[in-house]
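>>> Model the following, please.
(one chain, ligands or ions: 1)
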Amino acid sequence: MKRIDPLPTNLSPDALLRSLGITEPRDIDIEAIAYYVGLRVKRRCLKCCEAMITGLGNKGIISVNPNGMPQRERFSIAHELGHWAHHRGETVACRATDIGKFSKTNNVERAADQYAADLLMPWSMFKAECRKHPRLDLKALKEVAGIFKTSLTATLIRMIDSDTYPASMMISHGTGGRKWHRSAPKMATWWFPREELDADSFAFELLHNQNQDEQRFPRKIGADAWFDKASAARYEITEQSFQIPGEGVMTILNLDPNMVG
Ligand SMILES: [Zn+2]
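Residues are numbered from 1 along each chain as shown. Next up, the predicted model:
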């Protein structure tokens with residue numbers, strides 16, 4: 001009689017990686033992990049959404065839009081695995097705007113995003129990579145994203161959250177202005193970026209002149225270009241901005257250490 005392995009009951013990202021013996025970023029094969037927990041992955045054009053999951057009992061199918069961006073597909077599949085772990089028994093369809101945005105208002109989508117980040121960029125492996133880069137800049141970001149095969153946005157969010165860079169902040173801008181920002185966990189909340197981009201900032205040039213190359217090195221700029229607070233005028237910070245196709249312009253700020261105590 002053929003033995004049927006029971007499905008793993010603990011689907012936490014750490015437990016899954018442990019039970020599969022995965023200790024290196026390159027071994028995080030998201031489709032193999034999905035298969036291990038009873039899910040097949042299909043690529044097909046979905047009109048309604050970016051990815052979805054349908055399940056019956058302990059088996060299910062993840063469908064994902066083939067959009068030519070493997071990093072994005074990986075995150076979408078991992079996000080659906082998050083729904084499988086947290087919201088089993090429901091059919092969930094996720095729009096592109098639901099995935100990877102760490103929604104502050106939608107708890108279901110945020111939980112799936114957090115699960116995806118924990119599975120694709122486990123803290124123990126991720127912090128070890130961050131420690132190889134004393135400074136958070138675009139070069140460090142690209143190297144870490146390359147190792148984990150994750151998008152620049154998802155990787156940068158994780159680097160900011162990692163507690164490795166206490167003076168770093170990321171800010172996303174679209175043509176309509178500032179979309180969102182995220183600061184190192186212990187940074188004081190009074191360093192809240194301006195609503196509008198300063199015309200002196202490189203991000204402004206990038207946003208209004210689509211042909212600009214990315215900024216290869218961080219550039220020094222007065223902190224008052226980015227912050228309204230009166231004391232900002234006393235400090236110098238660094239900025240580095242780059243395009244995120246389809247999203248807008250992302251900026252990494254590194255504040256003066258005296259600004260964050
Ligand atoms: Zn979702």
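
>>> Okay, now the sheet partners of the helix or strand hosting Ile53, with direction.
Assigned by DSSP states H and E, Ile53 belongs to strand 51-56. Applying DSSP bridges, strand 51-56 is found paired with strand 59-64 (antiparallel), strand 92-94 (antiparallel).

>>> Make CSV from the ones you listed and add mean neighbour count to it.
C-beta coordinates here come from the backbone N, C-alpha and C atoms, glycine included. Below are those laid out as CSV (neighbours: other Cβ atoms under 10 Å):
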stretch, mean neighbour count
strand 59-64, 20
strand 92-94, 21
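
>>> among those, which is nearest the ion?
strand 92-94 (3.2 Å; Cβ to the ion).

>>> Turn the strands paired with strand 51-56 into CSV, columns for distance to the ion.
Putting the strands paired with strand 51-56 into CSV (distance: least, Cβ to the ion, whole Å) gives the following:
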stretch, distance to the ion
strand 59-64, 11
strand 92-94, 3
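
>>> what comes up buried for the longest helix along the chain?
For the chain, the helix with the greatest residue count under DSSP state H is helix 70-86. For helix 70-86, a neighbour-count test (16 or more other Cβ atoms under 10 Å) marks 71-86 as buried.

>>> what's around Gly38, how many residues?
16 (other Cβ atoms under 10 Å).

>>> give me the residue from the stretch 101-250 of the chain nearest the ion.
Ala112 (4.4 Å).

>>> about what we covered before: in TSV, list the strands paired with strand 51-56 along with mean pLDDT.
What follows is these, written out as TSV (pLDDT from 0 to 100):
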stretch	mean pLDDT
strand 59-64	94
strand 92-94	91
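
>>> need the residues of the stretch 1-150 of the chain near the ion, please.
Those residues of the stretch 1-150 of the chain that sit near the ion, judged by Cβ under 5 Å from the ion, are Cys94, Asp98, Glu109, Ala112.

>>> Skip ahead from the worst-scoring helix or strand of the chain on mean pLDDT and say which helix or strand is next.
Using mean pLDDT, DSSP states H and E, the weakest-scoring helix or strand in the chain turns out to be helix 202-208, at a mean of 86. Note on helix 202-208: by DSSP H and E, the next helix or strand toward the C-terminus is strand 219-222.

>>> Tell me which residues are up against that following strand.
Asp200, Ser201, Phe202, Ala232, Ala233, Tyr235, Glu236, Ile237, Thr238, Glu239, Gln240 (Cβ atoms under 8 Å, 6 or more residues apart in numbering).

>>> hmm, back to that, what residues sit buried inside the least confident helix or strand of the chain?
For helix 202-208, by 16+ other Cβ under 10 Å, it's Phe202, Ala203, Phe204, Leu206, Leu207.

>>> How far away from the center of its chain is that helix?
How far helix 202-208 lies from its chain's middle: 22 Å, per Cα atoms, centre = their mean, to the nearest Å.

>>> Helices along the stretch 101-250 of the chain, start to end?
Secondary structure of the stretch 101-250 of the chain (DSSP state H, counting those that start in this stretch): helices located at 107-120, 123-130, 138-148, 152-161, 202-208.

>>> Nothing else from me, thank you.
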